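**Student:** Sequence first, predicted model second:
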Amino acid sequence: MKRFLVHIFFCFCVTLKLFAQEDSLSMGPEYVLKDGIYLSLKDFQTNNPLRKENISMPGDKTQADFISKTLTENKEILFTYKGSQYRGDVSKVWGYCQNGNIYVHFKDDKYWRITVFGSISHFIATIVVTRYVSNGYGMGYGGGFYGGMGPYGGMGGGYTPVKQNETHEFLLDFKTGEITECTPTNLEVILSRDMPLYEQYMKIKKRKRKDFMILYIRKYNNDHPISFPKN
């Protein structure tokens with residue numbers, strides 16, 4: 001009787017697994033992403049982009065850069081869905097897939113290519129950063145330098161804000177769509193969903209963790225592959 005119940009339980013588990021496989025498609029190395037525009041995060045998470053044939057914009061759709069040109073050269077896009085035509089604001093587009101590469105819309109209406117794709121994705125973007133540079137007239141209040149005018153500078157000002165372009169690395173959490181700077185602390189938050197892997201990472205000396213970030217991003221992605229619902 002006990003063996004019979006074990007057999008029934010095993011069959012039940014196998015059936016559940018088969019149903020799960022039919023409801024979704026795992027993202028393996030051989031899986032090809034569909035080219036098109038992701039109007040929303042949900043479209044990205046379900047691999048359901050707006051396809052080229054549904055985009056009613058001028059241009060040669062056979063060209064490899066048709067999608068990127070359409071988004072960068074227009075403020076709106078026209079597209080058809082179930083026989084009706086719609087208009088979309090380019091500034092609200094989540095991203096796109098072109099020639100198998102994914103580009104995410106981030107900062108100043110620009111698109112950046114995802115270099116590592118998975119449950120944790122990684123990309124590099126150029127952003128505008130404000131730095132405060134000494135203007136040579138003392139540090140002003142709270143400047144922290146002790147000049148001839150006393151501990152606070154005394155001549156006012158002290159720092160001048162200067163905007164400059166800097167290249168930074170970022171993480172994209174496939175589950176939530178949240179984009180954060182690629183730092184060990186931010187990676188640790190996501191890795192904590194997998195405690196054995198998280199504990200491995202935390203055993204690395206703190207000053208060395210940044211050097212191992214990409215390795216552990218790939219480890220996490222291998223253990224937690226993306227699954228897309230079947231269309």
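**Tutor:** Yes, it's here. Numbering: from 1, shown residues only.

**Student:** hey, let's count contacts and neighbours off CA atoms from now on
**Tutor:** Fine.

**Student:** Please spell out which residues along stretch 176-192 are buried.
**Tutor:** Of the residues in stretch 176-192, those scored as buried under the neighbour-count criterion (16 or more other Cα atoms under 10 Å) are 179, 181-182, 184, 187-188, 190-191.

**Student:** Show me those residues that map onto helices.
**Tutor:** Taking DSSP state H, the ones among these that sit in helices are 184, 187-188, 190-191.

**Student:** so what's L187 up against?
**Tutor:** 171, 213 (Cα atoms under 8 Å, 6 or more residues apart in numbering).

**Student:** if we can go back for a sec, as TSV, the buried residues of stretch 176-192 with pLDDT and distance to K208 would be great.
**Tutor:** Shown next, in TSV, are those (pLDDT from 0 to 100; distance: Cα to Cα, whole Å):
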residue	pLDDT	distance to K208
I179	96	23
E181	95	17
C182	96	14
P184	97	10
L187	97	14
E188	97	14
I190	97	18
L191	97	17
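
**Student:** Residue ranges in this protein under the pLDDT threshold?
**Tutor:** Counting by pLDDT under 70, the chain contains low-confidence residues at 1-32, 136-157, 230-231.

**Student:** Now with 90, please.
**Tutor:** Within the chain, the stretches falling below the threshold (pLDDT under 90) are 1-34, 47, 58-62, 81-84, 100, 107-109, 127-166, 226-231.

**Student:** could you pull out the helices for it?
**Tutor:** Taking DSSP H as the test, the helices found in the chain are 2-23, 41-45, 66-73, 184-191, 195-202, 213-223.

**Student:** can the buried residues of stretch 176-192 go into CSV with extra columns for distance to A64?
**Tutor:** As requested, the buried residues of stretch 176-192 are arranged in CSV below (distance: Cα to Cα, whole Å):
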residue, distance to A64
I179, 27
E181, 30
C182, 30
P184, 36
L187, 34
E188, 37
I190, 35
L191, 36
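
**Student:** dump the residue contacts of the residue nearest the centre of the chain.
**Tutor:** Centroid-nearest residue in the chain, with Cα atoms, centre = their mean: L172, separated by 2.7 Å. The contact partners of L172, by Cα under 8 Å, 6+ apart, come to 120-123, 178-180.

**Student:** Max pairwise distance over the residues you listed: which two?
**Tutor:** F123 and E178 (13.0 Å; Cα to Cα).

**Student:** centre of the chain versus stretch 57-69, how much separation?
**Tutor:** Once both centres are worked out by Cα atoms, centre = their mean, to the nearest Å, stretch 57-69 turns out to sit 24 Å from its chain's centre.

**Student:** go on, stretch 190-198?
**Tutor:** Between the mean C-alpha point of stretch 190-198 and the mean C-alpha point of its chain there is a distance of 19 Å (Cα atoms, centre = their mean).

**Student:** Check the separation of the first and last residues in it.
**Tutor:** Terminal residues of stretch 190-198 lie 9 Å apart, using Cα to Cα, to the nearest Å.

**Student:** hmm, who's touching that stretch?
**Tutor:** Under the criterion Cα under 8 Å, 6+ apart, residues 173, 188, 220 lie in contact with stretch 190-198.
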